[in-house]
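Student: Can you look at this prediction? I've put the sequence above it.
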Amino acid sequence: NCSAYGHTTDGAAAYMGGGVVYAEHSGAVSLIDSTVSGCSARSVGGVVFAWNSSGAVSITNSTVSGCSAGGGGVVSAYQNRVDPAVLLAGSTVTDCSAESGG
């Protein structure tokens, strides 16, 4: 599992995926009480890319703004057979974009 509490990230970038978190075979990924802005991934998952049997992705009580990716401007969850859930709870997401896939 991967969790970040009270984390602040501004302007992180990734070539492949996951501007902040790249998770493969990882278990659950959680961002809690965090602020993420201006993050990007050239490929997928501007903030989180969780794939290949990773667990659920949750963003709770957090603020996400200005993030982008080729696919999945905030979260891309791909081939997650373990727990494919994506949860945004009590969070604000603004000005995020993706070329495809939301």
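Tutor: Perfect, I can see it now.

Student: hey, let's count contacts and neighbours off CA atoms from now on
Tutor: Fine.

Student: helix, strand or coil for residue 98?
Tutor: Under DSSP: H, G, I helix; E, B strand; the rest coil, residue 98 falls in the strand class.

Student: Give me the spatial nearest neighbour of it, chain neighbours excluded.
Tutor: Nearest residue to residue 98 in three dimensions, chain neighbours excluded: residue 73, at 4.5 Å (CA to CA, 6 or more residues apart in numbering).

Student: Spell out which residues sit in contact with residue 48, please.
Tutor: By CA atoms under 8 Å, 6 or more residues apart in numbering, the contact set of residue 48 is 17-23, 74-76.

Student: Can you add secondary structure and give those residues back as JSON lines?
Tutor: JSON lines is the format used below for the contacts of residue 48 (three-state DSSP):
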{"residue": "17", "secondary structure": "strand"}
{"residue": "18", "secondary structure": "coil"}
{"residue": "19", "secondary structure": "coil"}
{"residue": "20", "secondary structure": "coil"}
{"residue": "21", "secondary structure": "strand"}
{"residue": "22", "secondary structure": "strand"}
{"residue": "23", "secondary structure": "strand"}
{"residue": "74", "secondary structure": "coil"}
{"residue": "75", "secondary structure": "strand"}
{"residue": "76", "secondary structure": "strand"}
